[in-house]
Each structure stands twice: as structure tokens, then as C-alpha cells.
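Colleague: Show me how the following folds:
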Amino acid sequence: MNNLFAHPLVAASPGGRAGGDARVTRAGHALIDCFSMLETSLGKALAVIDTGFAASPGGAINTLRSLMMQTSTRNTFRCTVTRVTQGAVNAEVELMLTDGHRLTSVITERSAEEMGLQEGAQVFALIKATFVMLSAGDNPGRISACNRLTGAVSAREDGPVNSEVTLDLGDGKTITAMITRKSADDLGLAPGATATALFKASHVILAMP
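Modeller: This next block holds a predicted model:
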């Protein structure tokens, strides 16, 4: 949720079993209040219009759910478009995630035109966890992946073959990568370690809110 809002909704302090905590921020409380008002208003509205969807299985609620976007993508960020560079076939879209982090996406020119992408537009950037490579430290060296996000390992969950590693990027933002457990061990990706997430511009999918 923190990745989808300008200000963190939950502030967490690491500590593992020995401590640590999480608290809802002022922005989080404001969102909860807004959700409560929205839930009440929608409940009244759905009760009124539900008779109009009598022939639809599940009534109005399931009909409205079918219009909502659902995605299995592990990393979803709300970003601001800072520049669009048009090409013959593809367009390069530069995005601001936070004051310290930028993203670049390459999509077809047709998609950019249909989405009406321009400076200042709000978009969602989606990156699958399997597309994210990790490098130990904050200097991955010379590599063609133009997207580089450096942070501290905040969580690591190991399976028999793979490890899910989450980096804290600051400002309440995180990014998750799925890599082999051997690679995670070789890179020393323990909680608190500095690492850099790397991914290609073509692996950044854009969606309009």
C-alpha cells in the first residue's frame, strides 16, 4: 500500500522477534476515515441499484468487481510521468517514484498515445518480482539495465530453491525480487544489507489509474 501513495500509510521499525513495531501514520488514518465514508456511501448506492442487476449473478457487487483491475505483479508503484520521448516504434517514458528514485519504461508508441501519456500524468508502474535482479552493495558496475533502485534488505523468505528478497527504498517504498536461494546466499543478502535492484525498461509495464 505504501508504494501506491505519496506518503507512507504505515511506518515500521525493524526488530524481528526481539522487538520492532508498526504504526499507522496520519496519512493512514486519513485513508481509513475516507474508506469508512466511501464504504457507507457505496453500501447505500449498491442497495439502490442492485435491483437493476437482478439478472446478473451476484448482483451489482460482482458486476462492479469485474470492472476492477487485478494483477499478480508483485511490485506496483504509483509514479508521475516526467518525460515522454517518442520513437519510430517505441516510446521511452521517464517516471518519478520518489525524490530520490526514478524509473524508465519502454512501451509501444501506440500505447503511449492511447494512454495519453504526458508530463505530469499519474500512472502505475508494474514490475514482476522475477524480472528484478539484485546486486550486493550500491554500485553494480557497468550494466545495461537502466533501472537501478538501491535500498536495504528489509525481509528475506527462503524456499527450497528460491528466495524472496524485499528492499526498503525509503519513503515507505519497497521492491521485491525473486532469485535463487544460492544467489541470495552468495550475495550475502541478509536483513540490513545494502543491495541494488536492477531491471530492464522493457520489463516495466504501465497502467493508468
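Colleague: Can you pull out the low-pLDDT segments for the chain?
Modeller: 14-19, 46-70 (pLDDT under 70).
Colleague: Kindly recompute the last result at 90.
Modeller: Along the chain, segments meeting pLDDT under 90 span 1-8, 11-23, 31-74, 87-88, 98-100, 139-144, 171-172, 208-209.
Colleague: So which residue is smack in the middle of it?
Modeller: A centroid search over the chain (CA atoms, centre = their mean) returns residue 76, at 2.0 Å, as the residue closest to the centre.
Colleague: Dig out what that one forms beta bridges with.
Modeller: Taking DSSP bridges as the rule, residue 76 bridges to residue 126.
Colleague: Adjust the sequence numbering to begin at 586 for everything that follows.
Modeller: Okay, residue one is now 586; in that scheme the one you just asked about reads as residue 661.
Colleague: Who are the contact partners of it?
Modeller: Taking CB atoms under 8 Å, 6 or more residues apart in numbering, we find residue 661 in contact with 588-589, 709-711. For glycine as for every other residue, the C-beta is placed from the backbone atoms N, C-alpha and C.
Colleague: C-terminal to the helix or strand harbouring residue 719, what's the next element?
Modeller: Secondary structure assignment for residue 719, by DSSP states H and E: strand 718-721. Beyond strand 718-721 on the C-terminal side, the first helix or strand identified by DSSP H and E is strand 732-743.
Colleague: So what angle separates the directions of the following helix or strand past that following strand and strand 732-743?
Modeller: On the C-terminal side of strand 732-743, the closest following helix or strand by DSSP H and E is strand 747-755. Strand 747-755 runs at 130 degrees relative to strand 732-743, counting by axes from the mean of the first three to the mean of the last three CA atoms, to 10 degrees.
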